[in-house]
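**Q** with the sequence up front, the predicted model follows.
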Amino acid sequence: MMAGACAPFPALENRVSADAARADFPQLVPLAPVLAAASSQAETTPPAAVDDRVAALQARAAALRGAVVDPATRSRMQDGIETAPLR
């Protein structure tokens, strides 16, 4: 984790093109119409499609909850660990 803090900061000078530096700032728009549009789109999604997606994601999550290492491999790995120095 700490290694990232030691990395040199990238040089950012002259990274903006001359055209971009001269360009106008983007127009700010009220947030309410954007949220209203998003809300209206969410309401048009058929509930069956959402239910199917939920079921698919839950099945995928259940498959990921299984054992990562099978019992035979786990036993072999445990046999390979020398615990005497830990005592």
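**A** The structure has been received and is ready for your questions.

**Q** now the helices for the chain?
**A** With helices called from DSSP state H, the chain shows them at 18-22, 31-43, 47-64, 71-79.

**Q** can you pull the pLDDT of R22?
**A** If you check R22, the pLDDT there is 91.

**Q** how far off centre is the helix-or-strand element of the chain with minimal mean pLDDT?
**A** Lowest on mean pLDDT, DSSP states H and E among the helices and strands of the chain sits helix 31-43, with a mean of 79. Remark: helix 31-43 is offset 24 Å from the chain centroid, using C-alpha atoms, centre = their mean, to the nearest Å.

**Q** what's the angle from it to helix 47-64?
**A** Per axes from the mean of the first three to the mean of the last three C-alpha atoms, to 10 degrees, the angle that helix 31-43 makes with helix 47-64 is 80 degrees.

**Q** so which of the helices of the chain comes closest to A11?
**A** helix 18-22 (16.9 Å; C-beta to C-beta). Quick note: C-beta positions are derived from backbone N, CA and C, even for glycine.
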